[in-house]
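Undergrad: I would like the atomic coordinates for the input below:
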Amino acid sequence: MTGRVVIDALPEHAVQYRGTHAIVAVDAFRATTTIVTAVADGRRVFPVVSVEEASKVAAGLSDPLLAGELAGERPPNFEVNNSPYRLSGRSDRRPLVLLSSAGTQLLACARGSIATYVACFRNLTATADYVASRHERVAVIGAGTRGELRLEDQLACAWIALRLTEQGFQPADAMTRHEIDRWAAADISLINDGPSAEYLRSSGQEDDIGYVLSHVDDLNLVVVMDGQEAMLVDDHVPALSKGEL
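TA: Numbers count the residues shown, from 1 in each chain. Next up is the predicted model:
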């Protein structure tokens, strides 16, 4: 049976795919990049949807690191923002409890799905290859906010879907085909001009832009949600990142 892939763009839409599709969640600026980076660094990672849930999860962990943002602002008592750049510069390996305005909300909406994978530009090929070998229906969903699409997520979702079509998957609808065709040959530097990048620059968080732009397909690992924890897939043995070869 030929596999089918659909692209969607808003966190709340994940609920309609939970019973029928494997979900690939994407929030390139910044939540899924933060999660994948943390897992690659050997951290345990727990995405949450509220400050209250963060406190509850943290209470069950030893020396947790609370990180995140709501409406762009770091909540009280959180040590760091939702920043892959800042996280990658830390030497500790404390378990991470992560809250964000869009990406962790998407993962929450996907809870109860057949399978939920965490993807970003860093692991898009590894994720597509793994998903293609195990699922026939896949929904690649970006973390748009307030009903609006986000350029960086559109690009990452389209590239994941493109890799699935290269392995025999068919676009599930005209919109998915349009997104794949629109972004297939695009340069990642385009995300530097989007509203998300502009917000990061205006708020003094431009280091995350450079981090995302300089870490593309450098990790051969797959991250899956196991209950509330984001974990490295057991039967996917990660190779060295390109920077380590």
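
Undergrad: Could you measure from the residue most central in space within the chain over to residue 19?
TA: In the chain, the residue lying closest to the centroid (CA atoms, centre = their mean) is residue 32, at 2.7 Å. Separation of residue 32 from residue 19 (CB to CB, to the nearest Å): 22 Å. No exception for glycine: its C-beta is placed from N, CA and C like everyone else's.

Undergrad: re the thing from before, return the distance of the residue nearest to the centre of the chain relative to residue 120.
TA: Look at residue 32 and residue 120: by CB to CB, they are 4 Å apart.

Undergrad: which residues are common contacts for those two?
TA: Listed contacts common to residue 32 and residue 120 are residue 26; contacts here mean CB atoms under 8 Å, 6 or more residues apart in numbering.

Undergrad: wait, what's in contact with the nearest residue to residue 184 once chain neighbours are set aside?
TA: Closest residue in space to residue 184, ignoring its immediate chain neighbours: residue 162 at 5.4 Å, by CB to CB, 6 or more residues apart in numbering. Shown in contact with residue 162 (CB under 8 Å, 6+ apart): 180, 183, 184.

Undergrad: Correct me if wrong, but residue 162 is in a helix.
TA: Yes. Checked against DSSP: H, G, I helix; E, B strand; the rest coil, residue 162 lies within a helix.

Undergrad: Return the distance of it relative to residue 222.
TA: 18 Å.

Undergrad: Then residue 78?
TA: Residue 78 sits at a distance of 28 Å from residue 222 (criterion: CB to CB).

Undergrad: And those two? Which one has more around it.
TA: With neighbours defined as other CB atoms under 10 Å, residue 78 and residue 222 compare such that residue 222 has more, 24 against 20.

Undergrad: Quick one: mean pLDDT over the helix or strand where residue 181 lies.
TA: Secondary-structure element containing residue 181, defined by DSSP states H and E: helix 174-183. What helix 174-183 shows for mean pLDDT is 98.

Undergrad: which of the residues in that helix are buried?
TA: Buried residues in helix 174-183, counted by 16 or more other CB atoms under 10 Å: 176, 179, 180, 183.

Undergrad: Likewise for stretch 125-145?
TA: Buried positions in stretch 125-145, judged by neighbour count with 16+ other CB under 10 Å: 125-132, 135, 137-145.

Undergrad: Also stretch 87-101?
TA: For stretch 87-101, burial by neighbour count (16+ other CB under 10 Å) applies to 87, 88, 90, 94, 95, 96, 97, 98, 99, 100, 101.

Undergrad: and what of stretch 154-166?
TA: Neighbour-count burial for stretch 154-166 flags 154, 155, 156, 157, 158, 159, 160, 161, 162, 163, 164, 165 (criterion: 16+ other CB under 10 Å).

Undergrad: again, but for stretch 186-200
TA: Residues 188, 191, 192, 194, 196, 197, 200 are the ones in stretch 186-200 that count as buried (16+ other CB under 10 Å).

Undergrad: now the end-to-end length of it.
TA: Distance across stretch 186-200, first residue to last, is 22 Å (CA to CA, to the nearest Å).

Undergrad: related to what we said a few turns ago, and the helix holding residue 181, C-alpha only, in CSV?
TA: Taking Å, rounded to 0.1, in the frame of the first residue of the first chain, the C-alpha atoms of helix 174-183 are listed here in CSV:
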residue,chain,number,x,y,z
ALA,A,174,-3.5,19.5,-3.3
MET,A,175,-2.3,21.8,-0.5
THR,A,176,0.3,19.3,0.5
ARG,A,177,1.5,18.9,-3.1
HIS,A,178,1.6,22.7,-3.4
GLU,A,179,3.7,23.1,-0.3
ILE,A,180,6.2,20.5,-1.4
ASP,A,181,6.5,22.1,-4.8
ARG,A,182,6.7,25.6,-3.4
TRP,A,183,9.6,24.9,-1.0
